[in-house]
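Enquirer: Give me a model of this one.
(2 chains)
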Amino acid sequence: MHKTADGKDMEEDLALFGVEHASKLGANYADVRLEDHYNELIIVADGKVQRGIINRKRGLGVRTLVKGAWGFQSTTDLTKNGIKQAVEIAFKIAKASSRHVPKPAKLAPTKAHKASYKTKVKVDIEDIAFEDKLKQLVSWEKSLHTTKKVVRGVAEYTGLKIDKMFVNSEGANIHFLNSVVWVNLKADAKERDVTQSYETTIGHSGGYEIFEKKNVKKVSAEIGKKAESLLKAKAAKTEKDATVVLDNHYVALLVHEIVGHPSEADRVLGREAAWAGTTWWAGKIGEKIGSEHFTAYDDPTVPGTLGYYLYDDEGVKAGRKLLVEKGVLKGHMHSRETAAIFDVEPNAGMRAITFEYIPLIRMSNTFFGEGDWDKDELIKDTKRGYLISCYRHPSIDDKRYNWTISAQEAYEIKNGELTTHLRDVALTSIAPNFFKSINATTKKVEIVPLPGCGKGDPMQGLYVGNGGPCLRGTATLLGVG
Amino acid sequence: MKSALSVLEDAGDTLLKLAGSKGIDEAEAYLVSNKVLTIRLVNNAVFESKGVHDIGVGLRVIKGKMLGFSSTADLSKKSLEKLVSTAVETAKARQLPFKYSFPKRGKIAKVEGIYDKKLADLPPEKAVELAYEMVASSLACNKKIVDNAGVLNLVSYESLVLNSHGVKAENNGTFFEGSLSATAKDGKNVSEGSDATAGRSLKELKPENIGENAAEMAVSGLKAQKLKEGTYNVILDYEPTSGIVSNIAMLVSPMIARLYMQLFLDKLGKKIASSQVNVIDDPLMPHGVNSAPIDEEGNPTKRQIIIDKGVLKNFVYDSFYAALEKKKTTGSAQRASFSTGVSVFPGKNYNGEPIPVPLNPYLKPGDWKREEILKDTKAGLLVRRFHYTRVTNPTRGDFTSVLRMGLFMVKNGEVVGAVAKSRLLDNLIDMLRNVDAVSNKLVVAGNWGNYTHVPVIRTKAHVAPID
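Expert: Below you'll find the predicted structure:
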């Protein structure tokens, strides 16, 4: 953040000015997010750098609540005049909107926190020369090409640094310095008319150090080999009511789609009906929706995850949200406004990707809770079934009820042993049926990076963490070859 | 006070001078002032009204055979100096294995009907009233309507491309998007309907029609019957056809084809659709929902054929992919970041390098009237909306969409009743090959910021009920 000539924090001064001006105009509530963004993107495909980008953006977004209606305006003009203009538009449109707000928005109370925190970073992404990062990406992509059968490789790197100040008219003042990085590696292998692909994402909230720790070159080579091995795998055949053991990586997308999204209180209230949809479990808090082995949380406070934060974009202190406990639906992800509607404590679910967007209820790190099995034990205990590994594509209905998610690979389990390697496989089920079928979960919970979650209009593409233990349940296995 | 365009022009001139003084061989500034006003409607009320004014510049530089890119939202001299050095930093080690140069000046045509001062100057209070009118007309249409949600997006932009070859071209435009999703309830029966449209001028926006159409679809979906799984003749109405055209548009981008969706990579010159399928990209179309006189690196745009009588004729190119594949640019550059966590707005974005995509693709109308297609269908389905549409296997073309609402059974040429939620699961190329009727009228259709001009088509597809 920048300092004024007399050493004062310039951003704080500007942000507070925005809030004060909104209050002066008559806003019942106002908050300002003043942010400095730095981001890098490198894409390498087949030995060629397709993209090499550095973006910088600094600006402010002001949100006002006037007569129970929301108004918002962003600006990159960080002069007092520029901020004043933005505040006036946010106030004016909120006031105009209030004519058509029969139930004025109310905010659940929260403490006006004052805090300053940052993501733990060992190697700042800006301290590594862009040139060196480009060279590394080229070498990682090259490592995907383990044999001539790997006909295509793509390595994509994103690095983000966000310096965010949040102030509101209730006296909150929170400063968060975040850094998030990830690389996605994908290999396509081809033999005659069969093409198979395999991919993975390595990433965390932190600095560039993760890429040294994880030995990306080695991972790339493994991805290349995996893609090639799928050429020889057997195409899966459809089987109803199959016993399936889902690995942590497959579980990540499953929990994202059928637990995370339907837990967003705005979806529960029908506020996303025109876009992503609603949720089948609206009004079922306290009801049994799954087996006792089904527990799920959303927790932004897990260090190193893509969804890490300690205070959300409404200044609410974050903690672990219990969504489902032993099969009973316990709670949702909330904004201060939806918390007031449900008469619960706000639980820090609001985020916006940049100062240019109004915050929305978003997942942070949503994951299934752990059980008491070891993965090997779980497989050994399965007489006949399938190990489903690594998610690929989802197709989910608007109520998050009927789901189909494909996997990158699977293994047949016979008498507790992994046998035939399978490709072109997907699972499909009805959410409550699947939840009721979960009969075992492992001890080890893993949260993996999921950098592509979309929500909102205009769309906000956000990075989150998802995962859990390995789960065993029942679903229809689909052969999609 | 300076106009937005002159602020952009000053910053662009400064950048080219700075680049010249740093020994950069070629520089290109893409400058944007983009204003978006969004009125979001939920639960029959205005939920939030929000505005963005995004102003900034993306700078590309060529030094020797190296190419670099950086962007900033700060147009101060100090920031522009930093932008030049950052762009140079990104160029180091990005040695191009082919000769590359920024576009030269070309003759730019004028495109009618893409800027409307009334839309650009509309006071936000009036925008709120227009948005609410969609809800009011839906509620007034039928007493069974219990809920509405939707959005009105109003966009106005000014953009300018300047480069070392003397290119100085501007593209100013306006755009709106209005959509509404209505819920009808009758006893235990609940049904949804929606309507969405987009255009370039305020006079094209008919909020009352959007509300009525959404309500009418919702009510007509009550008492839906469960479908029997099978392969059906499917009449894809405007919105689902737009979903098909949007996917075709991505597949003919050499960048997207190389990185993500390979389906068309080996199919140039091959028959991929029935003879009735003709896809054209025409950014010069007057009043075109995505029309523009220049692409987003300053090339004049032009009409070009993508699919001709079912044969894949052309991929589209920006100057970078044209050089990489030894082709000519087709004036098809668009900018947007590829990264999550980075803003992408309706209108224009400056924070990405150009991506080659068809700018204003459309499916050429055929000779059937929409009613004739219906009348000609002995047994089949009328699909009026797609939801959650995906190409789930990018090399094979497996295609899926949730038929969440607007699904009807057709028997002996007539719509005989609503069908409960189902899922379409087929192959994109098979569906294109099975097209046997194309209607004769183009309508702007789409959703969630993505609109194209399309007719109605009939094809075959596998559809299964969703429990």
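Enquirer: ok, the nearest residue to residue A:322 once chain neighbours are set aside to residue B:385 distance?
Expert: Spatial nearest neighbour of residue A:322, excluding adjacent residues (CB to CB, 6 or more residues apart in numbering or on different chains): residue A:330 at 4.8 Å. From N, CA and C alone the C-beta is placed, and that goes for glycine too. The gap separating residue A:330 from residue B:385 is 34 Å, by CB to CB, to the nearest Å.
Enquirer: Kindly report the same for residue B:39.
Expert: Taking CB to CB, one finds residue B:39 at 22 Å from residue B:385.
Enquirer: So between those two, which is more surrounded?
Expert: Shown here are residue B:39 and residue B:385; by other CB atoms under 10 Å in any protein chain shown, residue B:39 has more neighbours (28 against 24).
Enquirer: Quickly list what that one is bridged to.
Expert: Note on residue B:39: beta-bridge partners residue B:49, residue B:152, judged by DSSP bridges.
Enquirer: Let me know how buried residue A:369 is, in neighbour terms.
Expert: Neighbours of residue A:369 (other CB under 10 Å): 18.
Enquirer: Could you report the pLDDT at it?
Expert: Per-residue pLDDT puts residue A:369 at 98.
Enquirer: ok, residue 104 - contacts?
Expert: Using chain A. A:67-69, A:98 (CB atoms under 8 Å, 6 or more residues apart in numbering or on different chains).
Enquirer: um, chain B though
Expert: B:165, B:167.
Enquirer: Kindly report the same for residue B:106.
Expert: Applying CB under 8 Å, 6+ apart, the residues near residue B:106 are B:299-300.
Enquirer: what about it, which helix or strand?
Expert: Counting by DSSP states H and E, there is no helix or strand that carries residue B:106.
Enquirer: Tell me the pLDDT of it.
Expert: pLDDT, residue B:106: 96.
Enquirer: Tell me how many other residues crowd the residue nearest to residue A:322.
Expert: Using other CB under 10 Å: residue A:330 sits among 16 other residues.
Enquirer: What's opposite residue 410 in the beta bridge?
Expert: All of this refers to chain A. residue A:388, residue A:422.
Enquirer: that answer is for a different chain, and I need it for chain B
Expert: residue B:380, residue B:415.
Enquirer: correct me, but it touches residue B:380?
Expert: Yes - using CB atoms under 8 Å, residue B:410 is in contact with residue B:380, at 4.7 Å.
Enquirer: what do those two both touch?
Expert: Shared contacts of residue B:410 and residue B:380, counting by CB under 8 Å, 6+ apart, come down to B:233, B:235.
Enquirer: Tell me where the stretch 101-250 of chain A has helices.
Expert: In the stretch 101-250 of chain A, the helices defined using DSSP state H, counting those that start in this stretch lie at A:130-144, A:209-213, A:216-232, A:248-255.
Enquirer: and the longest one with chain B, contact?
Expert: No - counting by CB under 8 Å from any CB of the partner chain, no contacts exist between helix A:216-232 and chain B, the nearest distance being 11.9 Å.
Enquirer: Check the offset of that helix from the chain's centre.
Expert: Computed by CA atoms, centre = their mean, to the nearest Å, the separation of helix A:216-232 from the middle of its chain amounts to 26 Å.
Enquirer: How about stretch A:453-469?
Expert: 4 Å.
Enquirer: now swap in stretch B:460-467 and tell me
Expert: 26 Å.
Enquirer: what comes up buried for it?
Expert: The neighbour-count check on stretch B:460-467 (16 or more other CB atoms under 10 Å in any protein chain shown) flags B:460-466 as buried.
Enquirer: helix or strand right after the lowest-mean-pLDDT helix or strand in chain A?
Expert: The helix or strand of chain A with the poorest confidence is helix A:10-25; it has a mean of 93 (mean pLDDT, DSSP states H and E). Downstream of helix A:10-25, the first helix or strand assigned by DSSP H and E is strand A:29-45.
Enquirer: in its sheet, what does that following strand sit against?
Expert: Sheet pairing for strand A:29-45, using DSSP bridges, gives strand A:48-66 (antiparallel), strand A:150-168 (antiparallel).
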